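Trainee: take a look and give me a structure for this.
(3 chains)
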Amino acid sequence: MSDQAPVIVWFRDDLRIADNPALLAASATGRPMVCLFVRDEESKGIRPLGGAAKWWLGESLQTLANDLQELGGKLVLRTGKAASVVPDIAQETGAVGVCWNRRYGAAAQVDEKVEAALQNSGIVADSFQANLLFEPGVAGKTLRVFTPFWKRMRSLDAPRKPHPRPKKLTQMRAVQSESLSQWQLKPHKPDWAGGLREAWTPGEAGAQAALEHFIDDVLDGYGANRDRPDRDGTSRLSPHLRFGEISPFQVWHAVMSARGDAPSSDIEKFLAELGWREFNYQLLHDAPDIAERNLQPRFDGFGWDSDKAAVQAWQQGCTGYPIVDAAMRDLWSTGFMHNRLRMVVASFLVKHLLIDWRVGEQWFWGTLVDADFANNPANWQWVAGAGADAAPYFRIFNPILQGEKFDPHGDFVRRFVPELADVPDRYVHQPWKLSPVELASAGVKLGDTYPEPIIDHDFARRRALAAYDKVKG
DNA sequence: TTTTGAGTTGTTCGA
DNA sequence: GTCGAACAACTCAAA
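Mentor: This is a model prediction of the structure:
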């Protein structure tokens, strides 16, 4: 242990040891270190985490603290506005510098303030690119159509290789820390996190295991299976990426090195999904208020409905459309929803029920373990048609057809809507078509054990087309 | 400079 | 049953 002045590593959305340039740079100075995490719910523009994400954060911080300890470090926890907490702890410890990995949107503005405050005290702030493959603005002006955007990014130099883990950390002695349990990130009374614990392993090791599983067992065939919620067909890396337990550079190179083992079309398809994450962050960079404001202002005058009962039926998975209900209940119990189903339920809320996309975005924000500053609002805007490169207004998902196409045997529906377990495949996505005899033998009483559809698809489709017709340019 | 064609994820209708 | 057209408006690249 050294009495030298320390360097602070400020952890944020990068809760990992490997491929962490800020951590690596700090350890390379040879100085003792202070590994800091600040719980900041006060800074302007920073959204307080929703319940599911808070649970994840708690688990992830615990594993990070353990991992740091194994290397000789210690995680220091503090609460408050970053622009005062970080300079304060720098003063308190006599630090010569603070390292962090860059954030984007409103968070980047907070970081600017922190940097300015540090500079005033003669402390050096050093930031690194770690969480995006391509930083916003790196190739000129923002492109608002995905395909040209991604083509342009692919024409740049390939993303760098991941950095190694630091071998050993020297912890500065005795820095005061709050305790994680004090932060009360876990739910209690009631503890609703059982489904989350069962579905996920937060933390860096869990992220690496998920990546390995994806490459070994899922990547081959990804292009076709990714649309099937009844199969293990996606990477499920989103919450790990959200909290930076794994970096997109690590994912990129791991997938690229599987070339030869998996068809290149599957690989390209998956890389494009990483591309959407980049695209959405570029949008967030340009519009830090993307969760509140329509990217297309002509939607500002859209006459959204405000039917509270309809919103509640959607939230609770009681719409009477089995694929929608199964998806919403999956979300509630596991904190996750399959990509395709996100589109189906979002389209249902926005187009069938004519509810403001922000209502749905906020529900997802509270319930998703991967609730992301850029992806969540950008994708909601995309579905609503208010976003960049948005879905055309006439694309209204038919929840029956989508169910039949992508959950053809109803396996997914039955998993989360057990009251339909004994309904024959043929009508598992439209139980109201069952004959009275079939209903009885499946033990279903419509309007009693399972709801009637809260709205008729055909009617809703026509109504949505008419409503969208009004905001045409 | 101007023009042209294409653009993550769909559905319905009519031939 | 299958198939193409229609359902906007706008952005961007290529010609």
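Trainee: domains in chain A, by residue range?
Mentor: Split into domains by automatic domain parsing, chain A comes to A:7-130, A:132-161+A:204-286, A:297-468.
Trainee: of all these, which lies closest to A:Leu185?
Mentor: domain A:7-130 (3.1 Å; CB to CB). Every residue, glycine included, has its C-beta placed from N, CA and C.
Trainee: quick one: buried residues of the host helix or strand of A:Gly360?
Mentor: Using DSSP states H and E, A:Gly360 maps to helix A:357-367. Residues A:357-365, A:367 are the ones in helix A:357-367 that count as buried (16 or more other CB atoms under 10 Å).
Trainee: reformat those residues as a markdown table; add pLDDT.
Mentor: Formatted as a markdown table, these follow (pLDDT from 0 to 100):
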| residue | pLDDT |
| --- | --- |
| A:Trp357 | 97 |
| A:Arg358 | 97 |
| A:Val359 | 97 |
| A:Gly360 | 98 |
| A:Glu361 | 98 |
| A:Gln362 | 98 |
| A:Trp363 | 98 |
| A:Phe364 | 98 |
| A:Trp365 | 98 |
| A:Thr367 | 98 |
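Trainee: from those, pick the one nearest A:Phe373.
Mentor: For those, the nearest to A:Phe373 is A:Trp365 (9.5 Å; CB to CB).
Trainee: re earlier: closest to A:Leu196 out of the domains of chain A?
Mentor: Going by CB to CB, the one of these nearest A:Leu196 is domain A:297-468, 4.9 Å.
Trainee: please see if the closest one touches DNA strand B.
Mentor: Yes - using CB under 7 Å from any atom of the strand, we find that domain A:297-468 touches DNA strand B at A:339-340, A:343, A:379, A:382, A:389, A:391, A:394-398, A:401-402, A:405, A:457-458, A:461.
Trainee: check which helix or strand the most centrally placed residue in chain A maps to.
Mentor: Note on chain A: the residue nearest the mean C-alpha position is A:Asp370, at 3.0 Å, using CA atoms, centre = their mean. Under DSSP H and E, no helix or strand contains A:Asp370.
Trainee: who's in contact with it?
Mentor: A:53, A:238-239, A:241-242, A:335-336 (CB atoms under 8 Å, 6 or more residues apart in numbering).
Trainee: on that earlier part again, now that we have the residues of domain A:297-468 next to DNA strand B, which of them are buried?
Mentor: The buried subset of those - by 16+ other CB under 10 Å - is A:339-340, A:343, A:379, A:382, A:389, A:391, A:396-398, A:402, A:457, A:461.
Trainee: distance to DNA strand C added to the domains of chain A, as CSV?
Mentor: Below are these laid out as CSV (distance: least, CB to the nearest atom of the strand, whole Å):
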stretch, distance to DNA strand C
domain A:7-130, 18
domain A:132-161+A:204-286, 3
domain A:297-468, 3
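Trainee: how about these in CSV, adding distance to A:Ser177?
Mentor: Shown next, in CSV, are these (distance: least, CB to CB, whole Å):
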stretch, distance to A:Ser177
domain A:7-130, 4
domain A:132-161+A:204-286, 20
domain A:297-468, 25
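Trainee: looking at those domains, spot the one closest to A:Thr170.
Mentor: domain A:7-130 (4.6 Å).
Trainee: top helix in chain A by residue count?
Mentor: Ordering each helix of chain A by length in residues (DSSP state H) puts helix A:264-286 first.
Trainee: neighbouring contacts of the helix or strand just after that one?
Mentor: Going down the chain from helix A:264-286, the next helix or strand is helix A:308-316, by DSSP H and E. Contact partners of helix A:308-316, identified using CB under 8 Å, 6+ apart, comprise A:318-319, A:324, A:328-329, A:332, A:345, A:348-349, A:353, A:355, A:359-360, A:363, A:451, A:454-455.
Trainee: and these, which are buried?
Mentor: A:318-319, A:324, A:328-329, A:332, A:345, A:348-349, A:353, A:355, A:359-360, A:363, A:451, A:454-455.
Trainee: any idea how far apart the tips of stretch A:243-251 sit?
Mentor: 14 Å (CA to CA, to the nearest Å).
Trainee: just stretch A:351-364 next, same as before
Mentor: Termini of stretch A:351-364 sit 17 Å apart (CA to CA).
Trainee: for that stretch, the distance to its chain's centre please.
Mentor: From the chain centre to the centre of stretch A:351-364 is a distance of 17 Å (CA atoms, centre = their mean, to the nearest Å).
Trainee: and for stretch A:288-304?
Mentor: 21 Å.
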